[in-house]
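>>> below are the sequence and a predicted model; questions follow.
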Amino acid sequence: MAHKYDVKPYTIHFSDEELADMMNRLRHTRYPDDFGNDDWRYGYNTDYHRKLVEYWVNEYDWRDVERRMNELPHFKVDIMGVPLHFIHVKGSGKNPMPLLLHHGWPWTFWDVRKVIEPFTNPEKFGGSADDAFDVVLISLPGYGFSSPLHETGWNWWHTADLENTLMKDVLGYEKYATAGGDWGALIAQQHGHKYENDVIGVYTHFPAQMSHYLADHPDQPAGVEFDVKLGLPAAGEYTAEEAGWFERGKLFVENESGYGEIQLTKPQTLAALVADSPAAQLAWITEKRYFWGLAERGEGSEAFEKVWPKEDLITTALIYYLTNTGGTSSRYYWECRGNAWTPSHNRFPVVGVPTAVSIFPGEIYKPPMTWTSKYFNLQQYRVHNEGGHFAPLEVPEIYVDDVRTFFRTLR
């Protein structure tokens, strides 16, 4: 690690006093009246909320989760004014490839944990050490342990600048691979757009247009018709093999994007709610996780918890609450629109480095190949039969195979 950056080992720990105050607030949670909402049509179901809070108070063990988290090598370093938290796990084998992984919102680094060891130590899982990676995974600026954040302007494309500095100037890698979904997909794509000379390749399982939240679309490929109202490729762009994909994106924009509009416009108002109440923080993020992937997973808490066990739901809410980053993570949306992305070049494909795209059935938006093939330097394309928006947690074996197979061709 470079000497001009003061990189320090970091241990995750919340004090007994912080935990006691949080538990006291949870025990005094005031629940809303809820009726006619067994199917969650009005939003977050209060009966389920009560069960999660009771589990948090009576069964959840943060100290055990904390212990498992600290089995990973954590570091903190100040870069560009961000107190950046990151994990850096060295790979086995003779020449592990640097791989920059990502989480999104409402994730934490912990939601990517299942793929770290298969990437860094593939032979332990029946693979070859020749496929090993050095894994780097940050907490996004203003998320979790990359806090407190006191500067404005932090969004996904600014994060790519920060990460490029981390990978090259701090960790000393000449080139690196990168992968991600959700915000992490946009960040990874920005690496492959702006930093072509530094990036080996990009794997994205949320192939989204980088100008999506903006009024103007300088990165819109020629010859692809768009639905102006939805901001998505038009229905006529989808083939018979892509049946239902347009409708899935339309459903998300029309029914599931209200949270995004709040965070794009008034994130500080939301911050006032989630900073004061751990139960409110839990509700805000759990509702989104319930609906993202509902159609493929099936209704009800049993099907939901096969993907998201109660422990994972509570862990995420606890980290956001105790680091007081519900507000700053929400500002990430405002800063996306308020500090608009501009292209670093006007060439197509927009992402010029070799790119792999995976489409998971439970994803909230699935673009047609007519768009994907023009937007990316597409070298690998896979459509899967299981998994969704949180693929590294839901289907880690598929995710690892996708990434490993793709980057094997670029070693």
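Arrived safely, thanks for sending.

>>> quick check: closest non-adjacent residue to residue 141.
Excluding the flanking residues, the one nearest residue 141 by CB to CB, 6 or more residues apart in numbering is residue 154, at 4.2 Å. No exception for glycine: its C-beta is placed from N, CA and C like everyone else's.

>>> distance check, the one you found against residue 204.
21 Å (CB to CB, to the nearest Å).

>>> coming back round to it: please, which helix or strand holds the residue nearest to residue 141?
Using DSSP states H and E, residue 154 falls within no helix or strand.

>>> and residue 40, what is it in contact with?
Counting by CB atoms under 8 Å, 6 or more residues apart in numbering, residue 40 touches 287, 290-291.

>>> hmm, 7 Å instead?
Going by CB atoms under 7 Å, 6 or more residues apart in numbering, residue 40 touches residue 290.

>>> ok, which stretches of the stretch 201-350 of the chain are helices?
Assigned by DSSP state H, counting those that start in this stretch, the stretch 201-350 of the chain shows helices spanning 245-255, 258-265, 267-274, 278-291, 294-297, 301-307, 310-322, 326-338.

>>> closest to residue 161 out of the ones you listed?
For the helices of the stretch 201-350 of the chain, the distance to residue 161 is smallest for helix 326-338, at 13.2 Å, taking CB to CB.

>>> ok now the helix or strand just after the closest one, how far from the chain's centre?
Downstream of helix 326-338, the first helix or strand assigned by DSSP H and E is strand 351-359. From the chain centre to the centre of strand 351-359 is a distance of 17 Å (CA atoms, centre = their mean, to the nearest Å).

>>> strand 351-359 - what's its average pLDDT?
The pLDDT scores in strand 351-359 average 98.

>>> which elements pack onto it?
On a contact count with 3 or more CB pairs under 7 Å, 6 or more residues apart in numbering; DSSP states H and E, strand 351-359 meets helix 183-194, strand 199-204, strand 376-383, helix 396-408.

>>> residues of the last one that come out buried?
Think helix 396-408. Buried residues in helix 396-408, counting neighbours by 16 or more other CB atoms under 10 Å, are found at 396, 398-400, 402-404, 406-407.

>>> helices and strands around that helix, which ones?
Using 3+ CB pairs under 7 Å, 6+ apart, helix 396-408 is in contact with strand 199-204, strand 351-359.

>>> swap the cut-off to 8 Å and go again
Here helix 396-408 touches strand 97-101, helix 116-120, strand 199-204, strand 351-359, strand 376-383, helix 391-394, going by 3 or more CB pairs under 8 Å, 6 or more residues apart in numbering; DSSP states H and E.

>>> how far does it sit from its chain's centre?
Relative to its parent chain, helix 396-408 has a centroid offset of 17 Å by CA atoms, centre = their mean.

>>> can you name the residues in contact with that helix?
Residues from elsewhere that reach helix 396-408, judged by CB under 8 Å, 6+ apart: 97, 99, 114-115, 118-119, 122, 127, 131, 133, 177, 179, 200-201, 203, 205, 354, 356, 358, 379-380, 382, 384, 386-387, 391-392.

>>> now list the buried members of these.
Neighbour-count burial (16+ other CB under 10 Å) is assigned, among those, to 97, 99, 114-115, 118-119, 122, 127, 131, 133, 177, 179, 200-201, 203, 205, 354, 356, 358, 380, 384, 387, 391-392.

>>> now the residue most central in space within the chain: phi and psi?
The chain has residue 104 as the residue nearest its centroid, 1.9 Å off, counting by CA atoms, centre = their mean. Dihedral pair for residue 104: phi -140, psi -150, per degrees, to the nearest 10.

>>> before we move on, what about residue 111?
Main-chain dihedrals, residue 111, degrees, to the nearest 10: phi -70, psi -10.

>>> which SSE is residue 23 in?
With DSSP H and E as the test, residue 23 turns up in helix 16-27.

>>> flag every buried residue along that helix.
Going by 16+ other CB under 10 Å, helix 16-27 has these buried residues: 22, 26.

>>> now the angle between helix 310-322 and it, please.
Put simply, helix 16-27 runs at 110 degrees to helix 310-322, going by axes from the mean of the first three to the mean of the last three CA atoms, to 10 degrees.

>>> what's the distance between helix 16-27 and the middle of its chain?
Relative to its chain's centre, helix 16-27 lies at 28 Å (CA atoms, centre = their mean).

>>> from the contact counts, what lies against it?
So helix 16-27, by 3+ CB pairs under 8 Å, 6+ apart, packs with helix 46-58, helix 278-291, helix 310-322.

>>> ok, which of the helices and strands packed on strand 351-359 comes nearest residue 329?
Proximity to residue 329, assessed across the helices and strands packed on strand 351-359 by CB to CB, is greatest for helix 183-194 (9.7 Å).

>>> having no further points to raise, I will conclude here.
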